[in-house]
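J.: This is the structure alone, sequence omitted:
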Ligand SMILES: N[C@@H](CCC(=O)N[C@@H](CSS)C(=O)NCC(=O)O)C(=O)O
């Protein structure tokens, strides 16, 4: 047993510097200079087992002002309880985009915390108290998040960046070793490719990236790692488009609750997506009649 442990330790010692040096060779930056969180910055990552969604809680520990990124409707009570226990004041409940796979928790949280304001990108077309635009800053206490436009999965996708903490919340634009699908809801692979390369891969290699979902149990990545190992985004644009057009993923389970089918149908791109959406629509109509979609008001009431 001791032997195995020793071997495992020396193995991880030999691999890590290789990764770091590969990354620093490709960009000229040193991955080994890890950016630590400031002592007055609180960070928590929460997980929804149902939709594999990450919700992030960030706060200024002195002023107690907090933000939640991508809260989930069914888990609003969990998030509220944590805020209460940590004695935090939720200033903003924000979304990276209009989600197709879960209903946002912002409406419920606003009901529980009257001072809380909802935030989403103006380009999403969704309703919220604050509609942010490229270059806007979301300020909580002494901390702030820069809003970077990263359309492609949806038109209104944004990435929120904390330069001081060296972190970015990429929503569904960039997933760990993958990316958001582009086969519905205004999806456009070329746009997504450009967004990642111009807005995310231009951040320093040692910035940590936190996605809105992971389906394999991974929690965090870095710009440097994704530039080396992302199976889709390390390809050329043409290769990337080919990959994205042939993913053939099943639609998210909740899509029928999020989108009125007529709107979804209109905004699907390409014949293949349109055909699939027709089939899906026929299938779902037996479950979701439009006038029975009780969650839609929450989707609109960010
Ligand atoms: N199986 C899940 C949905 C999985 C899925 O489609 N995820 C989306 C993000 S939520 S719209 C995605 O972009 N995935 C990309 C990928 O490569 O997996 C469900 O049934 O809800």
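T.: Great, that's in hand. Computed from a predicted model, the values in this text were never measured in an experiment. Numbering: from 1, shown residues only.
J.: would you list every one of the helices in the stretch 1-150 of the chain?
T.: Assigned by DSSP state H, counting those that start in this stretch, the helices in the stretch 1-150 of the chain fall at 2-27, 76-85, 106-112.
J.: Select from those helices the stretch with the lowest mean pLDDT.
T.: Least confidently modelled of those is helix 2-27, at a mean of 44 by mean pLDDT.
J.: before we move on, what SS does residue 183 have?
T.: Under DSSP: H, G, I helix; E, B strand; the rest coil, the three-state class of residue 183 is coil.
J.: separation between the residue most central in space within the chain and the ligand?
T.: In the chain, the centroid-proximal residue (CA atoms, centre = their mean) is residue 171; its distance is 1.5 Å. Look at residue 171 and the ligand: by CB to the nearest ligand atom, to the nearest Å, they are 9 Å apart. Using the backbone N, CA and C atoms, a C-beta is placed for each residue, glycine as well.
J.: where's that residue relative to residue 63, distance?
T.: 26 Å (CB to CB, to the nearest Å).
J.: again with residue 116
T.: 15 Å.
J.: Between these two, which has more neighbouring residues?
T.: The residue with more neighbours, out of residue 116 and residue 63, is residue 116; 21 against 15, by other CB atoms under 10 Å.
J.: Contacts only, for that one.
T.: 90-93, 109-110 (CB atoms under 8 Å, 6 or more residues apart in numbering).
J.: For the closest residue to residue 158 other than its chain neighbours, give me the pLDDT.
T.: Leaving aside its chain neighbours, residue 158 sits nearest to residue 121 (4.6 Å; criterion: CB to CB, 6 or more residues apart in numbering). Reading off the confidence values, residue 121 has pLDDT 96.
J.: Residue 121 contacts residue 130, doesn't it?
T.: No - the criterion here is CB atoms under 8 Å, and residue 121 misses it with residue 130 at 10.1 Å.
J.: Which one's more surrounded, those two?
T.: residue 121 (28 against 14).
J.: so what's the more buried one up against?
T.: 97, 131-133, 147, 149, 156-158.
J.: Also residue 35?
T.: Residue 35 neighbours (CB under 8 Å, 6+ apart): 165-167, 206-208.
J.: Tell me the most packed of the residues you listed, by neighbour count.
T.: residue 167 (23 neighbours).
J.: Phi and psi next, for it.
T.: phi -140, psi 150 (degrees, to the nearest 10).
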